[in-house]
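> Provided below for reference: sequence and predicted model.
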Amino acid sequence: MTTHTATILTLAALIVCPPAAMAHEDQGKPVITTETRKGDDGKDVLYMFIDGVKVHETDVTKQPLPPVVKPGEGNGFSTPPSDAIVLFDGSEESFKKNWTDTKGGPSQWKIVDGALESVKRAGYIQTRENFGSCQLHVEWAAPANVAGEGQGRGNSGVFLMNQYEVQVLDSYENQTYADGQAGALYGRSKPLVNACRKPGEWQSYDIIFHRPVFDEQGKVVRRATFTVFHNGVLIQDHTVLSGGTGWMGPHAASEYKAHPDKLPIAFQDHGNPVRFRNVWIRELKDKPL
């Protein structure tokens, strides 16, 4: 057998039967580093850098903001398919049947004009049922009366498995750090574009989510992936989530931590009266390792 033939056969074998190290998608990317610096108050502040860019970088020369695009009229709205689980259809019955506060009790969120509205200091709401990999459709609207700026304007979040956040924010002519604007995987991945509609207008997220997989020692062996359409516009293109999206200070996000295969969907109370409607989900099978 010639060396050339052996090389071809070896490459073919890798394509058909990749080794374990190659089976885990993008496991070595991106490059993440951390360092601790002294803050103005003398306390230690953790800084995280993803491919050399600081988490929540506000300098647009170092982390350019996504370009703005105008979504097509009516794009992104859809009725649930026949195999979907409807989580909220605008009715009080649907709300009480499918949602609780974080302790499993009745939520203090309210229904306004057929939409579920966040109530300040009422806390997050979450589904009674647990989900893993899924297709999730959510429609949301930031307040029509604009108040605040940056992260203080129309802020909420859609949490997959109660912890991986797709940011909800009024990003229409409202500048903030790129990895915290509408459609960002919070602190981890900025959206490809800013497809926000005007304050008060209904918007949609269509999210294809594949959950992370952990081994028996609690180490992540396959990271979560997100494909997200905002108002029908692709903003996360099979993005491999590099770690958790929890808040770890002004310039750091949480790491992966082992958890069950299924957990609730949650919406965030961030103090702004953001509304949600037409929420439905389709469960997806996990891909084999």
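Here it is on my side, so go on. Numbering: from 1, shown residues only.
> quick one, helices of this structure?
The residue ranges that make up the helices of the chain, judged by DSSP state H, are 3-16, 20-23, 92-98.
> Between these, which has the poorest mean confidence score?
For the helices of the chain, the stretch scoring lowest in mean pLDDT is helix 3-16; its value is a mean of 38.
> Residue ranges in the protein under the pLDDT threshold?
Regions of the chain meeting the criterion pLDDT under 70 cover residues 1-28.
> Can you name the residues bridging to the residue most central in space within it?
The chain has V166 as the residue nearest its centroid, 2.4 Å off, counting by Cα atoms, centre = their mean. Counting by DSSP bridges, V166 forms beta bridges with V158, L185.
> List the contacts of it.
With contact taken as Cβ atoms under 8 Å, 6 or more residues apart in numbering, V166 is in contact with 157-160, 183-186, 205, 207, 226, 228, 236. Using the backbone N, CA and C atoms, a C-beta is placed for each residue, glycine as well.
> Please enumerate the strands of the stretch 101-250 of the chain.
Taking DSSP state E, counting those that start in this stretch as the test, the strands found in the stretch 101-250 of the chain are 110-112, 115-117, 125-127, 134-141, 156-160, 164-168, 203-210, 213-214, 220-222, 225-230, 233-240.
> which one of those lies closest to P273?
Proximity to P273, assessed across the strands of the stretch 101-250 of the chain by Cβ to Cβ, is greatest for strand 115-117 (5.4 Å).
> so how far is L234 from the nearest residue to H238 once chain neighbours are set aside?
Nearest non-adjacent residue to H238, counting by Cβ to Cβ, 6 or more residues apart in numbering: T227, 5.2 Å away. T227 is 8 Å from L234, where distance means Cβ to Cβ, to the nearest Å.
> again with L169
The separation that L169 has from L234, given Cβ to Cβ, amounts to 18 Å.
> quick one: which of the two has more around it?
Legend: neighbour count by other Cβ atoms under 10 Å for L169 and L234, higher for L169 (26 against 15).
> Now for the closest residue in space to the more buried one that isn't next to it in sequence: which residues touch it?
Distance criterion Cβ to Cβ, 6+ apart; nearest residue to L169, sequence neighbours excluded, is A182 at 4.6 Å. Under the criterion of Cβ under 8 Å, 6+ apart, the neighbours of A182 are Q167, V168, L169, D170, S171, P191, N194, A195, C196, Q203, H230.
> Adding distance to R128, write those residues out as a markdown table.
A markdown table is the format used below for those (distance: Cβ to Cβ, whole Å):
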| residue | distance to R128 |
| --- | --- |
| Q167 | 24 |
| V168 | 21 |
| L169 | 27 |
| D170 | 29 |
| S171 | 31 |
| P191 | 30 |
| N194 | 34 |
| A195 | 31 |
| C196 | 31 |
| Q203 | 26 |
| H230 | 27 |
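> Out of those residues, which comes closest to Q126?
Out of the contacts of A182, the one with the shortest distance to Q126 is V168. That distance is 15.2 Å, counting by Cβ to Cβ.
> quick one: contacts for the nearest residue to the closest one once chain neighbours are set aside?
Using Cβ to Cβ, 6+ apart and skipping residues adjacent in sequence, the residue nearest V168 is S156, 4.0 Å away. With Cβ under 8 Å, 6+ apart as the criterion, the residues that contact S156 are S118, W140, V168, L169, F267, Q268, D269, H270, N272, V274.
> What separation do you get for S156 and I207?
When distance is defined by Cβ to Cβ, S156 is 15 Å away from I207.
> Repeat that for E216.
Using Cβ to Cβ, we find E216 at a distance of 29 Å from I207.
> The two: who's more crowded?
When neighbours are counted by other Cβ under 10 Å, I207 comes out ahead of the other of E216 and I207, with 21 against 6.
> Test my guess that the more buried one contacts S133.
No - look at I207 against S133 with Cβ atoms under 8 Å: they stay out of range, at 10.9 Å.
> Quick check: the closest residue in space to V213 that isn't next to it in sequence vs V166, distance?
Once flanking residues are discounted, V213 sits nearest to R222: 4.2 Å by Cβ to Cβ, 6+ apart. R222 sits 20 Å away from V166 when distances are taken as Cβ to Cβ.
> Give me the distance between the residue lying closest to T225 once chain neighbours are set aside and V68.
The spatial neighbour of T225 that comes closest, neighbours along the chain excluded (Cβ to Cβ, 6+ apart), is H210 at 4.7 Å. Using Cβ to Cβ, we find H210 at a distance of 29 Å from V68.
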